[in-house]
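Participant: Need the 3D shape of this:
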Amino acid sequence: MGLLRWLAGILIIFWLLGLVLHIGGGLIHILIVIVVILFIFDVIGGRGR
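Facilitator: Numbering: from 1, shown residues only. Alright, predicted model coming up:
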């Protein structure tokens, strides 16, 4: 799941840029919620290995 971690990192950077520069509207907040959910699944799934 290394790709998911890269995507999560990139989306978090875009989210922070959106907060600082006030761009992106509500869409970026929806993306960050999706990233957090994927990260939680990655952490839970990683423990089983």
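Participant: C-alpha only now, for contacts and for neighbours.
Facilitator: Noted.
Participant: so where's the protein shaky on pLDDT?
Facilitator: 1, 24, 47-49 (pLDDT under 70).
Participant: ranges for the helices of it?
Facilitator: 2-21, 27-47 (DSSP state H).
Participant: need those helices in JSON lines with mean neighbour count, can you?
Facilitator: Compiled in JSON lines, the helices of the chain are given as follows (neighbours: other CA atoms under 10 Å):
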{"stretch": "helix 2-21", "mean neighbour count": "14"}
{"stretch": "helix 27-47", "mean neighbour count": "13"}
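Participant: who are the neighbours in contact with the most centrally placed residue in the chain?
Facilitator: Against the mean C-alpha coordinate of the chain, by CA atoms, centre = their mean, the closest residue is Val35 at 2.9 Å. The contact partners of Val35, by CA atoms under 8 Å, 6 or more residues apart in numbering, come to Ala8, Leu11, Ile12.
Participant: and which of those is nearest Val20?
Facilitator: Nearest to Val20 out of the contacts of Val35 is Ile12 (CA to CA; 12.3 Å).
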